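Participant: how does the following fold in three dimensions:
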Amino acid sequence: MSEISVSLDGKSIVAEGSSVRDFVRNPNVIAARVDGQLVDLSTPLTGGETIETITADSAEGLDILRHSTAHLMAEAVMSLFPEARPTIGPATADGFYYDFDVPRAFAPEDLAAIEKKMEEIAASDKTFVRRVIARTEAIKLFAAKGEPYKVEILEGIDAAEVSLYEQGAFVDLCRGPHVPSTGKLKAFKLLSVAGAYWRGDEKNKMLQRIYGTAFGDKKQLKSYLNMLEEAKKRDHRKLGRELGLFMLSEEAGPGLILFQPKGGMLRYLVEEFDRKVHLKRGYDIVYGPNMLRDKAWQISGHMDYYKENMYFTVIDEQSYAIKPMNCVSHLLMYRSQVRSYRDLPLRFFELGTVTRHEKSGVVHGLMRARQFTQDDAHIFCRPDQLQDEIIGVIDMVHDVMQVFGFEYHMEISTKPAKAVGSDEIWDMATKALKEALDRKGLPYEINEGDGAFYGPKIDVKIKDAIGREWQCATIQCDFNLPERFDISYVGADGEKHRPVMLHRVILGSVERFLGVLIEHYAGAFPVWLAPVQAVVMNITDDQAEYAKQVADRLKAEGLRIETDLRNEKVGFKIREHQLMKVPYMLVIGDREKQDSTVNVRERGGDQRTMTVDEFIQQVRSAEPRL
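Facilitator: Numbering: from 1, shown residues only. Below is the predicted model:
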C-alpha cells in the first residue's frame with residue numbers, strides 16, 4: 001500500500017492508504033464527504049482529496065445512520081417474512097420507514113419480533129458493501145429474487161449503472177452512503193405500522209409501512225421516546241376531542257375541520273389578535289373570492305406547476321379553480337388601477353381560506369388539512385424599499401412569536417427543480433432575503449431546493465414546549481409574478497417600473513398554528529387565549545343568586561365565563577373543570593357572599609380571596625400588548 005496525501009478535516013496528511021477508512025482514526029466516524037460528495041468509508045482514494053468526516057451526532061450522520069437502520073429492518077423483515085416484497089425505505093426527519101407488500105397486515109407482536117431480529121443482525125456486525133452494476137443486470141437480479149417493486153424502480157431510472165448495497169445475503173437498491181457495518185446500529189426502536197399506497201397513489205396497491213427511529217446512542221433514543229410519550233398526552237386530536245375544540249367527520253370528508261364553540265372561540269381570539277397586529281403595522285385588510293377562472297391561474301403559472309394540488313369546477317361552461325393560494329386575487333387588486341411610486345409600499349392582508357388536494361393518507365388533524373385559512377399578506381414595493389419591508393416582516397414575526405411563547409430560528413429555502421423565472425431573478429431574490437437577515441444579525445441555515453415554485457423564501461421554524469419544531473411563518477421574495485401579471489407603478493421619472501412582491505404569512509395555516517398551540521400548552525392555554533377564562537361555582541344553593549350576579553358582572557366586562565350551579569360537592573365540580581383546563585375557578589360560599597368577594601383558585605392550585613374588580617384587573621393584565 002503506497003502513501004498518498006489528503007486533507008482530513010482541514011489538516012494535510014500523508015500516510016499509507018487506499019480508502020477513506022484508512023485515514024480515519026475516530027471510531028465515531030460513520031461516513032465522510034470527499035470533495036463535497038457524501039460517501040462510505042470504503043470509498044477508494046487516489047490522493048489529493050479533501051475529506052470531511054461525519055459522525056452520528058451531526059444532522060448528515062444521523063440521516064445516514066437512520067437510512068442504514070431502515071436497511072437493517074428490511075433484512076429482518078425478509079428473514080422473518082420471506083413472502084414480503086420490499087419497496088422503499090428512506091430516512092425521515094424523525095427516523096425512518098420501509099414499505100412492504102405483504103399478504104396480511106403487521107401486528108404489534110410482529111414489530112417486537114422484527115426488532116429482536118434487528119438486534120441479532122446488528123450484533124453480528126455485518127459489513128455494508130457497495131456494488132455498482134449495470135442497470136440491466138440489476139433488473140435481472142431483482143426479477144430473479146421476486147422483487148417486482150425494485151424492478152419497476154429500475155425500469156424508471158435513466159442511468160446505465162446503479163449502486164446496490166449488500167449486508168450478508170440481503171441486497172437492496174440504494175444510492176447510499178451507509179454506515180460501515182450493522183454493528184454501528186445500537187440504538188433503534190420500531191414505533192408503529194400504517195397503510196401506505198405504492199408511490200403515494202391511491203390507485204396503487206396498499207402496502208404496510210413500518211416506522212422506526214434510530215440515534216447514535218441509547219441515551220438519545222431514551223430521551224426521544226420519552227418525548228414521544230409526552231407528545232401522545234399533548235396530541236391535539238386527543239385534546240381537541242376532550243376539550244370540545246374541534247372535530248372531524250367521515251360525512252364531511254378527510255382533511256376538513258369542524259370547529260366547535262370552544263375551538264371557534266380559540267380561533268376567533270387568535271385571528272382577532274392577528275388582525276390587530278396587522279392593522280397597527282400598516283396593512284390594508286382585503287378579501288378575495290374562493291375561486292377564480294382558470295385563466296388567472298394560467299397567468300400565474302399554477303396550472304403548470306401546481307395543478308395536481310388544485311380542485312376545479314365548471315360554471316356556465318366556464319372552468320374555475322378553487323383557490324389554493326391568495327396571491328392571485330391580490331395581484332388582480334393591485335393591477336386594477338394605476339399606481340404611483342408614492343403609493344408604495346402597499347400591504348394587502350387577508351385571512352383567506354385556501355383549498356389544496358392532500359392525499360387522504362397524509363392529512364393529519366389540524367396540522368395538515370385540505371382546507372385551511374392563512375394569515376396571508378402581499379407587499380408590493382419599490383426595489384429600494386425591499387430590505388426595509390423584509391426587515392419589517394422579520395420584526396413582526398419576532399413580536400408575534402414572543403406573545404405566543406415560542407422560540408424560533410430561520411432558514412432560507414432556495415430554487416426548487418420545478419420553478420418559474422430565470423436563475424438571475426432567483427439569485428437576486430435570494431440575495432435580498434440573505435441581506436435582510438444579515439442586517440438584523442440573525443443566524444440562518446440554507447435549505448437547498450425547498451423554495452416555492454415562484455421564489456425563494458425565509459422559513460421560520462418555531463420550537464414547542466417539548467422541543468419539536470414546526471413550520472409556520474414564511475417570507476417569500478417574488479420577482480416573477482409581477483412580470484407574469486405585468487403590474488407596474490409610475491416612478492418619479494414618469495415611466496413605468498416593475499414593483500417587487502413579497503408573499504408572507506406570520507402564523508401560516510391558522511389551523512396548524514392552533515394545533516401547535518394546543519400541543520405546546522397541552523390544552524392549558526394562557527388566560528388571554530382560554531376559550532373559558534373562569535367558571536363561577538357555588539358551594540350550596542344559598543349562594544346561587546350571588547354567583548349569578550358575579551358571572552353577569554364578569555360577562556358584562558367582556559370576560560369569558562361559565563357558571564356551575566349544580567347541586568354537587570364543590571370538590572367534584574373543581575376537579576371536573578380542572579380536567580377542562582380552565583384557568584380560574586371562582587368558588588363562592590357564605591363568606592364570599594357576605595363580603596362581596598370571590599375565592600379564586602388558579603389552575604396551578606394557588607388560591608386567594610379578592611374582590612370582583614381585582615379579579616377583572618388580574619385577567620386584563622394578562623392580555624398581550626400590541
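
Participant: now stretch 253-272: buried residues?
Facilitator: 254-255, 257, 259-260, 262-263, 265-267, 269-271 (16 or more other CB atoms under 10 Å). C-beta: built from backbone N, CA, C; applies to glycine.

Participant: doesn't P456 make contact with W426?
Facilitator: Yes: using CB atoms under 8 Å, W426 is in contact with P456, at 6.4 Å.

Participant: neighbour count winner among the two?
Facilitator: Neighbour count, other CB atoms under 10 Å: between W426 and P456, P456 has more, with 27 against 22.

Participant: low-scoring stretches of this protein, by residue?
Facilitator: 1 (pLDDT under 70).

Participant: in it, where's the longest helix?
Facilitator: helix 59-80 (DSSP state H).

Participant: what's the next helix or strand after it packed up against?
Facilitator: As assigned by DSSP states H and E, the chain's next helix or strand after helix 59-80 is strand 85-86. Contacts defined by 3 or more CB pairs under 8 Å, 6 or more residues apart in numbering; DSSP states H and E place strand 85-86 against helix 59-80, strand 96-101, helix 148-155.

Participant: put together JSON lines for these, with mean neighbour count and distance to G491 on each row.
Facilitator: JSON lines is the format used below for those (neighbours: other CB atoms under 10 Å; distance: least, CB to CB, whole Å):
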{"stretch": "helix 59-80", "mean neighbour count": "23", "distance to G491": "46"}
{"stretch": "strand 96-101", "mean neighbour count": "23", "distance to G491": "54"}
{"stretch": "helix 148-155", "mean neighbour count": "17", "distance to G491": "54"}
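
Participant: any idea how many residues pack against the closest residue to H520 other than its chain neighbours?
Facilitator: Closest residue to H520 apart from its sequence neighbours, by CB to CB, 6 or more residues apart in numbering: D464 at 4.3 Å. By other CB under 10 Å, 19 other residues sit near D464.

Participant: hmm, D464 is touching E519, no?
Facilitator: Yes: here D464 reaches E519: they are 6.1 Å apart, a contact under CB under 8 Å.

Participant: quick check, nearest of the buried residues of stretch 253-272 to Q167?
Facilitator: Lowest distance from Q167 to these (CB to CB) belongs to P254, with 38.7 Å.

Participant: is it correct that that closest one falls within a strand?
Facilitator: No: P254: not assigned to a strand; according to DSSP: H, G, I helix; E, B strand; the rest coil it is coil.

Participant: and it, backbone torsions?
Facilitator: Per-residue torsions, P254: phi -70, psi 140 (degrees, to the nearest 10).

Participant: also A56?
Facilitator: phi -70, psi -20.

Participant: that older thread, from the buried residues of stretch 253-272, which land in helices?
Facilitator: 262-263, 265-267, 269-271.

Participant: can those residues go into a markdown table with extra columns for distance to V328?
Facilitator: A markdown table is the format used below for those (distance: CB to CB, whole Å):
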| residue | distance to V328 |
| --- | --- |
| K262 | 35 |
| G263 | 30 |
| M265 | 32 |
| L266 | 30 |
| R267 | 25 |
| L269 | 30 |
| V270 | 26 |
| E271 | 22 |
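
Participant: for I394, grab phi and psi.
Facilitator: Taking degrees, to the nearest 10 as the convention, I394 sits at phi -60, psi -40.

Participant: got the angle between the longest helix of the chain and strand 96-101?
Facilitator: Orientation check (axes from the mean of the first three to the mean of the last three CA atoms, to 10 degrees): helix 59-80 against strand 96-101 gives 30 degrees.
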